[in-house]
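Trainee: My questions are about this predicted structure, shown below with the sequence.
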Amino acid sequence: MQNNQTRTFTSAFEQEVYEGLTSFPKHLSSKYFYDEIGDKLFQDIMAMPEYYLTNREFDILEANKAEISALFSRDGEVFSLFELGAGDGKKTKILLQYLVDNKIPFDYRPIDISQNALDQLENAIKQEIPEVEVNTLQGTYFDTLRDIDKVNGRKKVILFLGSNIGNLLHEPAIEFLKNLRDSINEGDLILMGFDQKKNPQTILDAYNDKTGITEAFNKNILARINRELGGDFVLDNFLHWEVYDPETGTAKSYLVSKAAQRINIESLGLQIRLKRWETIHTEISQKYDDATVEWLAEQSGLQIVTEFADNQNQYKNYVFKK
Ligand code: AVJ
């Protein structure tokens, strides 16, 4: 066994893969889904009819863009629109276009770990809405927000869309919201997406499509370990498995080992065994109700300014302030 030897890792990815695969039960973090291939697979997920989240949020922003923009620029003061994990900006462009059309002064500051994602987004906006002043920020969410706090005296509005908060269990979500609260001032706003509890079958279908896109997305974490860490996972030896607990609102993704197998991961000098039907937990996608969002806000010292929903309450966008 190599578990009790002192190890040095050359990246957080290496360390977390090592720790996750030598734990019981085994787990890997969904934040490592998103390399170039994972980004592309997530784009495909957002285009699937079963993955209702994207369209619901798109519709909410479209239907409420005037009211949302009025909240952002209440006093006519110029503001900076930050976005955490902007992706392809499809939904954000609704707001950007409306702000430009109505000559509301702002600049757009998308934040992402991936410079590649930022470059693509910046180019797309320069093409489609050239009037927008874009200042990309490469880095982790909070380092960047804190740095900006010191140099930019403008009012801040922070977007965190897509129900990305759902990847966090409640406790880390509260930590995250507290950090966000610490990075804003009185008068600043946060617009955040929360996928809602609904018919459990609708949720299972969104995370277990018949075409296998979500399966490929989930298994990409194994493919990525193969590519980057010299692993020898055989993807066909795993089942993609989704469960949803309608009581807690937690959807969980697993990779289930179809056979007893050994895996070598060269750059970790690690060999692991998986028993037949042993699991690797890879993701949670939390679903919310009003009481839960109110509790999260209260726990993290944020106040709810208002909320926007689609006509079936499938998805909601909340506006918070300090
Ligand atoms: C990007 C975290 C919001 O949990 O719904 C989509 C990721 N996982 N299908 C989600 C995801 C499987 C997605 N988030």
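Mentor: Looks like it arrived, so ask away. A quick note: this is a predicted structure, and the numbers were derived from the prediction, not measured. Numbering: from 1, shown residues only.
Trainee: Leu177 in helix, strand or coil?
Mentor: Put simply, Leu177 is helix when judged by DSSP: H, G, I helix; E, B strand; the rest coil.
Trainee: Please apply the same query to the one 3 residues further on.
Mentor: In three-state terms, and counting by three-state DSSP, Leu180 is helix.
Trainee: go on, the one 5 residues further on?
Mentor: The three-state label for Asn185, taken from three-state DSSP, comes out as coil.
Trainee: And it, its phi and psi?
Mentor: When read as degrees, to the nearest 10, the backbone of Asn185 gives phi -110, psi 170.
Trainee: ditto for Leu71
Mentor: Dihedral angles phi and psi of Leu71 (degrees, to the nearest 10) take the values phi -60, psi -40.
Trainee: Count residues in the vicinity of it, would you?
Mentor: 16 (other Cβ atoms under 10 Å). C-betas here are computed from N, CA, C, even on glycine.
Trainee: now Arg74
Mentor: Neighbours around Arg74, by other Cβ under 10 Å: 12.
Trainee: Then the one 5 residues further on?
Mentor: By the other Cβ under 10 Å criterion, the neighbourhood of Phe79 contains 22 residues.
Trainee: wouldn't it be in contact with Leu95 here?
Mentor: No - with contact defined as Cβ atoms under 8 Å, Phe79 does not count as touching Leu95 (12.0 Å).
Trainee: Could you confirm whether stretch 18-33 reaches the ligand?
Mentor: No - contact of stretch 18-33 with the ligand (Cβ under 6 Å from any ligand atom) is absent, the minimum separation being 6.8 Å.
Trainee: pLDDT averaged over that stretch, what's the number?
Mentor: The average pLDDT within stretch 18-33 is 96.
Trainee: how many other residues sit next to the residue of the stretch 1-150 of the chain found nearest the ligand?
Mentor: Closest to the ligand within the stretch 1-150 of the chain is Ile45: 5.0 Å, counting by Cβ to the nearest ligand atom. Close neighbours of Ile45, defined as other Cβ under 10 Å, add up to 19.
Trainee: same thing with Asn116?
Mentor: 12.
Trainee: ok, it - contacts?
Mentor: By Cβ atoms under 8 Å, 6 or more residues apart in numbering, the contact set of Asn116 is Glu36.
Trainee: repeat for the one 3 residues further on
Mentor: For Asp119, the residues meeting the contact criterion (Cβ under 8 Å, 6+ apart) are Thr136.
Trainee: mind checking pLDDT for it?
Mentor: For Asp119, the predicted pLDDT is 91.
Trainee: How about the residues of the stretch 51-200 of the chain by the ligand?
Mentor: Remark: the part of the stretch 51-200 of the chain in contact with the ligand comprises Leu53, Gly162, Ser163, Asn164, Gly166, Asn167, using Cβ under 6 Å from any ligand atom.
Trainee: surely the first one meets Asp195?
Mentor: Meaning Leu53. Yes - judged on Cβ under 8 Å, Leu53 makes contact with Asp195 at a distance of 5.5 Å.
Trainee: With neighbour numbers in mind, choose between these two.
Mentor: Neighbours were counted for Leu53 and for Asp195 using other Cβ under 10 Å; Asp195 has more, 25 against 21.
Trainee: Check the gap between the nearest residue to Leu177 once chain neighbours are set aside and the ligand for me.
Mentor: Excluding its sequence neighbours, the residue lying closest to Leu177 (Cβ to Cβ, 6 or more residues apart in numbering) is Ser300, at 3.5 Å. As judged by Cβ to the nearest ligand atom, to the nearest Å, Ser300 and the ligand stand 19 Å apart.
Trainee: Let me know the pLDDT of Ser300.
Mentor: Here the pLDDT value assigned to Ser300 is 98.
Trainee: Roughly how far does it sit from Asp182?
Mentor: According to Cβ to Cβ, to the nearest Å, Ser300 stands 10 Å off from Asp182.
Trainee: which of the two has more neighbours?
Mentor: Taking other Cβ under 10 Å, Ser300 and Asp182 do not tie; Ser300 has more neighbours (18 against 14).
Trainee: Pull the number of nearby residues for Ala269.
Mentor: If you look again at residue 269, you'll see it is Gly, not Ala. By the criterion of other Cβ under 10 Å, Gly269 has 12 neighbours.
Trainee: Torsion angles phi and psi at it?
Mentor: phi 60, psi 40.
Trainee: show me the contacts for the residue in the chain that the ligand sits nearest to.
Mentor: For the chain, the residue closest to the ligand is Ser285, as judged by Cβ to the nearest ligand atom, at 3.4 Å. With contact taken as Cβ under 8 Å, 6+ apart, Ser285 is in contact with Ser163, Gly166, Asn167, Asp195, Tyr207, Thr250, Ala251, Lys252, Ser253.
Trainee: what about the fifth one, neighbour count?
Mentor: This points to Tyr207. Tyr207, neighbours per other Cβ under 10 Å, totals 22.
Trainee: Let me see the contact set for it.
Mentor: Tyr207 touches Thr214, Glu242, Tyr244, Ala251, Ser253, Ser285, counting by Cβ under 8 Å, 6+ apart.
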